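Participant: sequence below, structure please.
(chains A and B)
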Amino acid sequence: MLILGGEMNRVVITEYEIRSSCGNTKKKILSKIKDYKTGIKNVKELEKYAFVSNKAGVLEKEFRNKIILQAEQEKIDESVSLAYDCLKSLVTKCKFTNEETENLQILLGTCNGNINSLEKYIMTNDESYLDMYKIDNYNVYFKEKLGISKNVKIFNSACSASGSALVYGINLIKSGTEEKILVGGVDWLSKYVYAGFNSLGALNSDYTIPYSDSFGLNLGEGCAFVCIESYESAIKRGATIIAELCGGGLSNDAYHKTTPHPKGIGVKSAIEEALNDCIDEINILKYVNAHGTGTNANDSVELAAILDLSKPVESISSYKSYIGHNLGAASIMELVIMLMGIEENTIIAGRKITEYRSRCNYQELLKQHQILDKSKTSYLLNTSSAFGGHNAAVILKVGSNCKDVHNFNDMNKLDVQISLEKECWTTMKKSVLDNKEEYKFDKDIKKPLMHYAPDLYERRMNILTQLSVISIERLLKDEQSQEEIALVFGTDLGSIESVQLYVQSILKNGINKASSLHFPDIVLNSTAGVVSKIFNLNKTSLSVSCMNIDEVDDYAKEIAKGNTNKTIITCFASEGTNYCHGKIENSNVKVVARLYKVNNEEKK
Amino acid sequence: MNIEEIKEIVIEKIFVERLEVEREEIEECDSNLSIFAPESLALDSVEALDIVAGLQEEFSIEIDELNSEQITKVFYSIDSICKFVQGKLKENDA
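Facilitator: Model (predicted):
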């Protein structure tokens, strides 16, 4: 994302911390990876569920038990407990002063969030687990334990969540809004999520090796955080710079809930946006850490898109054969493994492939670890894609001690402001655009969108999505072009209606027969994905967990500095409920959407 | 169970109730046409997986694991689904 608005800070990575199935230290992880060994194993606990696979990349037993114990004692979800353990170590490593710690901004990507607590609630009916399910628990706990003052920002775009957090973090530092940020991702292995991937036929009963003739993924669990800061901040406090972050891009496929666009348009768009930040400096991308899940749907499409970029690519691999697919934490965990390699002058290959899959047999796929010559400047890419169509990409610059400043100065010095053009809020009773009530729904209507705009209704669309579509349609009705529209979507708990349907399928038919239809709708970015598809919003796209529309607008203000989109839509959608066994009270569902215009005026 | 009875269960229980396809939409389509074609019911691979789950549940038949590519071939149309179910039921009776 190009930052519009004057002088831009350079963004560097100075420290990292990770918790993975390959271990929690660089020494342990690299000792496995060096010999192409995996951290994935058969998980005894999964055997009883009769899934297609029992394999997963789970944390080491002793450490895992420590996290579970800490969660029980502190009455927090295991995911919060794991993220805190990782964060605490990182803060210690960074040797921040108390003042620096207090001013830290934390950005967190998670797909499953606290779903483990929801599972426990369903099994026990103990309502204290519902409190632990709330996404705000990360914020409350980190503030209390770490002494930070700023609210934790949560990104929920499924498997690209931590990648999205990182792109947003790059923006915050480049624009000067923040000086130091800890960006991370966390996901704890959830049997409900495992069941969903099982029903979709996406699991591999064998050890996953992306691009090989063995199809499917192994899920994982883990957490990682990186410290990113302005170059000046790093120099001032004498921190070691591991790499510079010189580009970031976001997009949405606007295509399908689970399947990537067949031409890889979304992933390519996010990468090109990232490349655009430093397009004049880059001749070749030395290495791409691809999303590479091992599934038939992802790998060949993603590879074709990467090999069709505006810049040539020298080498590609994915690390999911070592640590599994860590969902919301995947991008940042693989980035940390990239950083470990960079420190050891190495580009890390995936596990060895005996037979390549058709349409995945490219010479650019790394066959073995390679030496990274840091006497030269190299550009490396990390990319991730997700259910809901979200994509995120970041570009790292390494070598030459990161002394070469990339040139943003050719750009006009621009002021960036966003101005509210229209607002629409929609409930089950009425839809109000700019204080003018124009549409009322019948009291007992079950599918309001079918009445409002039947052409936009899609089968099994949940109520949260229907009202979101109505709000956004009303905003966009008179817009001439939709090509340059960015979407920032926020929700508190997503569609509990869909979660309930998914859970009911498990309770009725057994966990190994979970509904493949409702599983894609339990991810919190699902509504944003459907909205993107319906209105073809395939440019910059962000989905976040928050409590109101003003919080969503805060994200939009930063996004405005970081892209060329002329229009930004913000939307906050909430069912206004906690999880309950009964029916969702549709009358509580509320969606607020706003349309902003981005004003880039040249400074005088 | 004859083919017409099977067809009614497939349409009502699987297409209408599970997938929420409108009955009129089904009636307007030729039951020999691909259910995945955009001009027909435009089902996707995830919905195809649910058809398999639905058939197993409604007819108490076992269906071997199929990948989504195989599913779209075996379950090409409503008619081919019904023939497949009829074959499975005969296997069970034998």
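Participant: ok, A:Asn296 touching A:Leu217?
Facilitator: No - using CB atoms under 8 Å, A:Asn296 is not in contact with A:Leu217; the gap is 10.3 Å. C-betas here are computed from N, CA, C, even on glycine.
Participant: looking at the two, which is more packed in?
Facilitator: Per other CB atoms under 10 Å in any protein chain shown, whichever of A:Asn296 and A:Leu217 has more neighbours is A:Leu217, with 23 against 18.
Participant: need phi/psi at residue 17.
Facilitator: Chain wasn't specified; assuming chain A. The phi/psi pair for A:Glu17 (degrees, to the nearest 10) reads phi -150, psi 150.
Participant: element containing the nearest residue to it once chain neighbours are set aside, please.
Facilitator: Of all residues not flanking A:Glu17 in the chain, A:Leu90 sits nearest, at 3.9 Å (CB to CB, 6 or more residues apart in numbering or on different chains). Using DSSP states H and E, A:Leu90 maps to helix A:78-94.
Participant: what comes up buried for that helix?
Facilitator: Neighbour counts over helix A:78-94 (16 or more other CB atoms under 10 Å in any protein chain shown) mark A:78-87, A:90-91, A:94 as buried.
Participant: what's the burial count for B:Gln56?
Facilitator: Residues near B:Gln56, counting by other CB under 10 Å: 15.
Participant: for the spatially closest residue to it that is not a sequence neighbour, what are its contacts?
Facilitator: Leaving aside its chain neighbours, B:Gln56 sits nearest to B:Ile63 (5.8 Å; criterion: CB to CB, 6+ apart). Shown in contact with B:Ile63 (CB atoms under 8 Å, 6 or more residues apart in numbering or on different chains): B:Val52, B:Leu55, B:Gln56, B:Lys88.
Participant: now the very next helix or strand once past the helix holding A:Leu90, how far from the centre of its chain.
Facilitator: Next along the chain after helix A:78-94, taking DSSP H and E as the criterion, comes helix A:98-102. With CA atoms, centre = their mean, to the nearest Å as the basis, helix A:98-102 stands 27 Å off its chain's centre.
Participant: A:Glu355 and A:Glu179, how far apart?
Facilitator: Here the criterion is CB to CB, to the nearest Å. By it, A:Glu355 lies 49 Å from A:Glu179.
Participant: secondary structure element holding A:Leu339?
Facilitator: Counting by DSSP H and E, A:Leu339 is found in helix A:330-343.
Participant: and the next helix or strand past that helix?
Facilitator: strand A:346-347.
Participant: can you list the neighbours in contact with that next one?
Facilitator: A:Lys286, A:Tyr287, A:Ser315, A:Ser317, A:Gly341, A:Leu366, A:His369, A:Gln370, A:Ile371, A:Leu372, A:Leu380.
Participant: packing partners of the following helix or strand past it?
Facilitator: Once the chain leaves strand A:346-347, the next helix or strand it forms, by DSSP H and E, is strand A:370-371. In terms of contacts (3 or more CB pairs under 8 Å, 6 or more residues apart in numbering or on different chains; DSSP states H and E), strand A:370-371 is packed against strand A:346-347.
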